[in-house]
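K.L.:
Generate a structure from the sequence data that follows.
(one chain, ligands or ions: 1)
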Amino acid sequence: MSTPGTQTTFSAEDYFRTQHPPPTLEHDVEKVRAFVTRHREEGRPVVLVTSGGTTVPLERNVVRFLDNFSAGTRGATSAEYFLQAGYAVIFMHRQFSLQPFSRHFSHSTNPFLEFLEIGPSNPMSPIEPGSASEEGETVKVLPSMRKELLTVLRQYHAVQRAGTLLTLNFVTVDDYLFMLRAVAQELEPLGRRAMFYLAAAVSDFFLPTQKMSEHKIQSGKGSLQIEMDQVPKILKPLRDYWTPEGFIVSFKLETDPSLLIPKARQALERYGHKLVIGNDLYRRKFEVVFVEKDADSKDGFRETWVRLPEGKTEIEEEMIKKLVEMHAAWKEEKGRT
Ligand code: PMT
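P.N.:
Got it, this is the predicted structure:
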């Protein structure tokens, strides 16, 4: 690596040697270790779902940062379907992005306050001091919303009782990369029973700590020019060193649909992982393409389009169904060898 301040390409090794891990990393790793040990003993497959965007801070005392569009819908929705399929889920998401279960009510299109009304409290029920019912009023769920809320609440409570969901937070691209490496290393002993579902929209560029302004960048000097360095592609060490047996699924987002398949193929060639799910920015809720290597096909690849079936609302249901089958086949293959 050349001197920080002049270089533009970090290897993964250089990156982890020169950048700083998040302060809560050790604490998070302990939680992951306990979670993985428990589900390993119980014979459950474990999936790491990454979700949401990463920020790139421009100052060490951060006031300004770059961000991207990802709301975490894909990751949060997929996590629910993995849980339904019997997986233990490590949900590693951007702080304040959507989460499984609460996603149904936390988004601006369905805010939970719209579900509630104030009504008279039941005079027969005991009144707790300090509760709203002290004034003779209580909070109630609108009758029209009860069925939907009950369905989600039942699923949420079942998952809590089973202890099959572990949630971790990241904010910056540094947090994300250090956390991904640490979690992958904890999952490594699971071999083929671990899946990596990398739906987070990770920044490709960052400002190394060594190049960052300590304090808020002052506006007095006129226009601002920032040269960012490239974030090392982490799929490579993930597949080669951290979890060689893990079932790794990456995503490829494009805005030009003609690039989707070529870029997905290129990623498979480069990183040698299991599957790339290609999605177009505007069509991503209706169709995605699964791109895999296929030794039997003429050009060495296989593409399968997955589309939202009529009458369904979430394409992730179809995607996860298919992935669970592919993962089972991958584990089985190992059993035979
Ligand atoms: O959250 P939503 O609003 O629902 O949107 C979901 C989504 C569109 C963000 C999601 O479906 C998706 O496509 N996520 C990946 C976006 C993308 O194309 O990222 P990328 O080109 O930067 O990375 C491609 C793959 O390489 C990713 O799987 C990523 O894990 C991996 N990567 C990225 C950066 C990096 N330094 N190293 C990596 O290995």
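K.L.:
where does the stretch 201-337 of the chain come near the ligand, residue by residue?
P.N.:
When proximity is defined by CB under 6 Å from any ligand atom, the stretch 201-337 of the chain lies next to the ligand at 201-202, 204, 231, 233-235, 250-253, 279, 284. The C-beta positions use only the backbone N, C-alpha and C, and glycine is treated the same way.
K.L.:
actually the stretch 1-150 of the chain, not the one I typed
P.N.:
By CB under 6 Å from any ligand atom, the part of the stretch 1-150 of the chain that sits against the ligand consists of Ser70, Ala71, Gly72, Thr73, Arg74.
K.L.:
Tabulate the residues you listed (JSON lines), appending pLDDT.
P.N.:
Rendered in JSON lines, the data for those read as follows (pLDDT from 0 to 100):
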{"residue": "Ser70", "pLDDT": "96"}
{"residue": "Ala71", "pLDDT": "95"}
{"residue": "Gly72", "pLDDT": "97"}
{"residue": "Thr73", "pLDDT": "97"}
{"residue": "Arg74", "pLDDT": "98"}
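K.L.:
Filter these down to the ones in helices?
P.N.:
With helices defined by DSSP state H, the entries of these inside them are Thr73, Arg74.
K.L.:
re earlier: of the residues of the stretch 201-337 of the chain next to the ligand, select the buried ones using a PyMOL command.
P.N.:
Command for PyMOL, covering only those of those found buried under the criterion 16 or more other CB atoms under 10 Å:
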select buried, resi 201+202+231+234+235+250+251+252+253+279+284
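K.L.:
Let me have the residues of the stretch 201-337 of the chain next to the ligand in CSV, extended by secondary structure.
P.N.:
As requested, these are arranged in CSV below (DSSP: H, G, I helix; E, B strand; the rest coil):
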residue, secondary structure
Ala201, strand
Val202, coil
Asp204, coil
Val231, coil
Lys233, coil
Ile234, coil
Leu235, helix
Ser250, strand
Phe251, strand
Lys252, strand
Leu253, strand
Asn279, strand
Arg284, coil
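K.L.:
Out of the residues of the stretch 201-337 of the chain next to the ligand, the closest to Arg94 would be?
P.N.:
Closest to Arg94 out of these is Ala201 (8.8 Å), distances taken as CB to CB.
K.L.:
gap between Lys285 and Ser258?
P.N.:
According to CB to CB, to the nearest Å, Lys285 and Ser258 sit 20 Å apart.
K.L.:
Strands of the protein, start to end?
P.N.:
46-51, 56-57, 65-66, 88-94, 116-120, 137-141, 165-170, 194-198, 205-206, 229-230, 247-254, 275-280, 287-293, 301-307 (DSSP state E).
K.L.:
For these, give me JSON lines that also has mean pLDDT and distance to Pro22.
P.N.:
Converted to JSON lines, the strands of the chain look like this (pLDDT from 0 to 100; distance: least, CB to CB, whole Å):
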{"stretch": "strand 46-51", "mean pLDDT": "98", "distance to Pro22": "15"}
{"stretch": "strand 56-57", "mean pLDDT": "96", "distance to Pro22": "12"}
{"stretch": "strand 65-66", "mean pLDDT": "96", "distance to Pro22": "15"}
{"stretch": "strand 88-94", "mean pLDDT": "98", "distance to Pro22": "12"}
{"stretch": "strand 116-120", "mean pLDDT": "89", "distance to Pro22": "36"}
{"stretch": "strand 137-141", "mean pLDDT": "90", "distance to Pro22": "37"}
{"stretch": "strand 165-170", "mean pLDDT": "98", "distance to Pro22": "7"}
{"stretch": "strand 194-198", "mean pLDDT": "98", "distance to Pro22": "18"}
{"stretch": "strand 205-206", "mean pLDDT": "96", "distance to Pro22": "14"}
{"stretch": "strand 229-230", "mean pLDDT": "96", "distance to Pro22": "19"}
{"stretch": "strand 247-254", "mean pLDDT": "98", "distance to Pro22": "22"}
{"stretch": "strand 275-280", "mean pLDDT": "98", "distance to Pro22": "27"}
{"stretch": "strand 287-293", "mean pLDDT": "98", "distance to Pro22": "31"}
{"stretch": "strand 301-307", "mean pLDDT": "98", "distance to Pro22": "34"}
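K.L.:
I appreciate the help and will end here.
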